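Peer 1: sequence first, predicted coordinates after that:
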2 protein chains.
Amino acid sequence: MPPVITIDDPDDPRIEAFRNVRDRDVVGRGEGFIAEGEVVIRQLLRSADFEAASLLVAAHRIETRHALLAEVPDAAPVYAAGQSVMNAIVGFDIHRGLLALGRRRQDRSADDLIQTRPRTVVGLVGIANHDNMGGIFRNCAAFGVDTVLLDETSCDPLYRKALRVSVGGILRVPFARAGSGPDLVERLRRHGYTPVGLSPAGSRTLSEIGAIPNAALILGAEGPGLPDDVLRAATTVRIDMSGGFDSLNVATTSGIALYELTRREA
Amino acid sequence: MPPVITIDDPDDPRIEAFRNVRDRDVVGRGEGFIAEGEVVIRQLLRSADFEAASLLVAAHRIETRHALLAEVPDAAPVYAAGQSVMNAIVGFDIHRGLLALGRRRQDRSADDLIQTRPRTVVGLVGIANHDNMGGIFRNCAAFGVDTVLLDETSCDPLYRKALRVSVGGILRVPFARAGSGPDLVERLRRHGYTPVGLSPAGSRTLSEIGAIPNAALILGAEGPGLPDDVLRAATTVRIDMSGGFDSLNVATTSGIALYELTRREA
């Protein structure tokens, strides 16, 4: 663990990355991403693809978070601030008291990931909601998904809220962008996978997914679902429901589909 | 559809129930509950157990929501207000522009519900988070659950946020309180059901649930899970996961378990 550096002035340039955290969520932050709270930061410190560049900790938490801070590499400064200074830095009353600036160790392309022959692959097309993105990655981590490919219209998984909802799963499951939806599907086919799109109008039931060799799950946005050009290029499966009610949330759908898919693989 | 009554004064006593909606969420509202948005209000208007007592609609939405408003019974007044009056009434800038005051048509006890011999029953113990409550009910509606029993420590499903997350599923699936967790389990047994608790330490896998006659699913809070006295009184099943990661969200868990349970029943 690196020495703790005390910050007394909210305008200190060393903690620039943590300033006005919420506003930055909106404009994006080319220099990295913000991980909040002990659970997410622990995943950051143990991540293969990401690392902590620095931490900002409420001074009164330094003692109680000692086990976590002991995992921080020496190259990452740990800044400590009193609660009022910390609030002034981030721009709101922050209760978690534990923030990290994360960054990628290395760029990973879709081809880099797919060439490792991952066993379980998920493709996301048009997932624009950060809650759903986080929920899907939480499930991917729980069921041991090896690779997630994202189309160009899906939102950034490294947004603060998505990270939080994923309980850090986003920092655990390797992911990369893979162009348009049809590009993503075509890339999977080229590498020997069978893209399987979840759709209420699917031609087979999800329980048949075990009979599909090298199935890669493709999930689309709630509401519109997967676009037609993706559905046409994929095998489609549906989740049979008896309720005649509105469709499932896409994060829940991912959990059900991964449960079924990984059971067949076991 | 009843005639539309225009409200020009935010202090008009006729729209008292809609005043400061957010504060009321906190203190509870003995006189009923607030349903927001077209999707939830449609479920309210079609509910067997609940009904709309009145509606408050942004004036500019009256035309575009005509199909929905045509379903409002004559006994429920429809109030219309301009956007600024509406904001002043509810206490924040409201974008949905469509609120209803809902109330129960009739009290339903746990015994009332269970005596109808529902095919699919879910018991909830210690579900204190409104997002999770809403997500669970959304899944219950999607998979055609007939009855939900809640222990005394679970939160109120009729809270505004739970209703919204459930996309109205809470108004579609009959539910009732059933005392403590052990009381709930004992009641199910007395009526011939086999209570099956979901737990990471479950003695059987979820896929075996089809072999359990009259299984009734019991779900506990994320984090603590089901209390020991409930687990001891129930058959327990687990969802096998390969990821070695944090457990699943309880709403996702309910979706996976209901997928498995209702498939076996089909």
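Peer 2: Great, that's in hand. As the structure is a prediction and not an experimental result, all values here were calculated from the model.

Peer 1: nearest to chain B: which residue in the stretch 1-150 of chain A?
Peer 2: Per Cβ to the nearest Cβ, A:Gly144 is where the stretch 1-150 of chain A lies closest to chain B, at 3.6 Å. Glycine gets a C-beta too; all of them are placed from N, C-alpha and C.

Peer 1: neighbours of A:Asp74, just the number please.
Peer 2: By other Cβ atoms under 10 Å in any protein chain shown, the residues close to A:Asp74 number 8.

Peer 1: got the contact list for it?
Peer 2: Applying Cβ atoms under 8 Å, 6 or more residues apart in numbering or on different chains to A:Asp74 gives the contacts A:1-2.

Peer 1: distance of the closest residue to A:Glu222 other than its chain neighbours relative to A:Phe143?
Peer 2: Of all residues not flanking A:Glu222 in the chain, A:Val250 sits nearest, at 4.7 Å (Cβ to Cβ, 6 or more residues apart in numbering or on different chains). Distance of A:Val250 to A:Phe143, computed by Cβ to Cβ, to the nearest Å: 15 Å.

Peer 1: looking at the two, which is more packed in?
Peer 2: Legend: neighbour count by other Cβ under 10 Å for A:Val250 and A:Phe143, higher for A:Phe143 (27 against 24).

Peer 1: tell me the SS of the closest residue to that one other than its chain neighbours?
Peer 2: Closest residue to A:Phe143 apart from its sequence neighbours, by Cβ to Cβ, 6+ apart: A:Leu258 at 4.0 Å. Secondary structure, DSSP: H, G, I helix; E, B strand; the rest coil: A:Leu258 is helix.

Peer 1: the nearest residue to A:Gly255 once chain neighbours are set aside is in what secondary structure piece?
Peer 2: Sequence neighbours aside, B:Thr252 is the residue nearest to A:Gly255 in space, at 4.0 Å (criterion: Cβ to Cβ, 6+ apart). Using DSSP states H and E, B:Thr252 falls within helix B:250-265.

Peer 1: and the next element down the chain from the lowest-mean-pLDDT helix or strand in chain A?
Peer 2: None of the helices or strands of chain A scores lower by mean pLDDT, DSSP states H and E than helix A:21-27, at a mean of 68. Once helix A:21-27 ends, the next helix or strand along the chain (criterion: DSSP H and E) is strand A:33-36.

Peer 1: check which helices and strands the helix or strand just after that next one is in contact with.
Peer 2: Counting by DSSP H and E, the next helix or strand C-terminal to strand A:33-36 is helix A:37-45. Here helix A:37-45 touches strand A:33-36, strand A:50-58, helix A:66-69, strand A:98-104, helix A:160-165, going by 3 or more Cβ pairs under 8 Å, 6 or more residues apart in numbering or on different chains; DSSP states H and E.

Peer 1: list the buried residues of the last one.
Peer 2: If you call a residue buried by 16 or more other Cβ atoms under 10 Å in any protein chain shown, then helix A:160-165 has these buried ones: A:160, A:162-165.

Peer 1: among these, which ones lie close to chain B?
Peer 2: With Cβ under 8 Å from any Cβ of the partner chain as the criterion, these include none near chain B.

Peer 1: closest to chain B among these?
Peer 2: A:Val165 (8.7 Å).

Peer 1: would you agree that closest one is in contact with A:Ile136?
Peer 2: No. A:Val165 is beyond contact range of A:Ile136, at 9.4 Å (criterion: Cβ atoms under 8 Å).

Peer 1: quick one, strands of the stretch 51-200 of chain A?
Peer 2: A:78-81, A:98-104, A:121-125, A:147-150, A:175-177, A:194-198 (DSSP state E, counting those that start in this stretch).

Peer 1: let me see the mean pLDDT of the fifth one.
Peer 2: Averaged across strand A:175-177, pLDDT comes to 97.

Peer 1: do it and chain B come into contact?
Peer 2: No. Applying Cβ under 8 Å from any Cβ, one finds strand A:175-177 separated from chain B by no less than 14.8 Å.

Peer 1: need the residues of the stretch 51-200 of chain A near chain B, please.
Peer 2: A:135, A:138-145, A:167-169, A:172.

Peer 1: and which of those is nearest to A:Thr6?
Peer 2: A:Gly168 (27.5 Å; Cβ to Cβ).

Peer 1: so the closest one touches A:Glu38, yeah?
Peer 2: No. Contact criterion Cβ under 8 Å: A:Gly168 and A:Glu38 do not qualify, at 9.7 Å.

Peer 1: more crowded one of those two?
Peer 2: Per other Cβ under 10 Å, whichever of A:Gly168 and A:Glu38 has more neighbours is A:Gly168, with 26 against 16.

Peer 1: can you give me the distance of the more buried one to A:Leu69?
Peer 2: From A:Gly168 to A:Leu69 the distance is 17 Å (Cβ to Cβ).

Peer 1: go on, A:Asp146?
Peer 2: Taken as Cβ to Cβ, the span from A:Asp146 to A:Leu69 is 30 Å.

Peer 1: the two: which is more packed in?
Peer 2: A:Leu69 (21 against 15).

Peer 1: spatially nearest residue to that one, not counting backbone neighbours?
Peer 2: Counting by Cβ to Cβ, 6+ apart, A:Leu69 lies nearest to A:Met1, which is 5.1 Å off, once chain neighbours are set aside.

Peer 1: list the contacts of the one you found.
Peer 2: Contacts for A:Met1 were tallied using Cβ under 8 Å, 6+ apart; they are A:69-72, A:74, A:78.

Peer 1: of those residues, closest to B:Val122?
Peer 2: A:Glu71 (39.9 Å).

Peer 1: picking that back up, in TSV: the strands of the stretch 51-200 of chain A, plus mean neighbour count and distance to B:Thr120.
Peer 2: Output for these, formatted as TSV (neighbours: other Cβ atoms under 10 Å in any protein chain shown; distance: least, Cβ to Cβ, whole Å):
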stretch	mean neighbour count	distance to B:Thr120
strand A:78-81	21	52
strand A:98-104	22	42
strand A:121-125	27	29
strand A:147-150	25	33
strand A:175-177	18	36
strand A:194-198	23	23
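
Peer 1: dump these to JSON lines, plus distance to B:Pro227.
Peer 2: Listed next are the strands of the stretch 51-200 of chain A as JSON lines, based on distance: least, Cβ to Cβ, whole Å:
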{"stretch": "strand A:78-81", "distance to B:Pro227": "38"}
{"stretch": "strand A:98-104", "distance to B:Pro227": "30"}
{"stretch": "strand A:121-125", "distance to B:Pro227": "34"}
{"stretch": "strand A:147-150", "distance to B:Pro227": "36"}
{"stretch": "strand A:175-177", "distance to B:Pro227": "37"}
{"stretch": "strand A:194-198", "distance to B:Pro227": "35"}
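
Peer 1: for B:Tyr259, see how far away A:Thr194 is.
Peer 2: According to Cβ to Cβ, A:Thr194 stands 22 Å off from B:Tyr259.

Peer 1: what's the answer for A:Ser180, then?
Peer 2: For A:Ser180, the distance to B:Tyr259 - Cβ to Cβ - is 31 Å.

Peer 1: and these two? Which one has more around it.
Peer 2: Higher neighbour count among A:Ser180 and B:Tyr259: B:Tyr259, with 26 against 15, using other Cβ under 10 Å.

Peer 1: the more buried one contacts A:Ile239, correct?
Peer 2: Yes. Contact criterion Cβ under 8 Å: B:Tyr259 and A:Ile239 qualify, at 6.6 Å.

Peer 1: any stretches of the stretch 1-150 of chain A with poor pLDDT?
Peer 2: Applying pLDDT under 70 to the stretch 1-150 of chain A picks out residues A:24-31.
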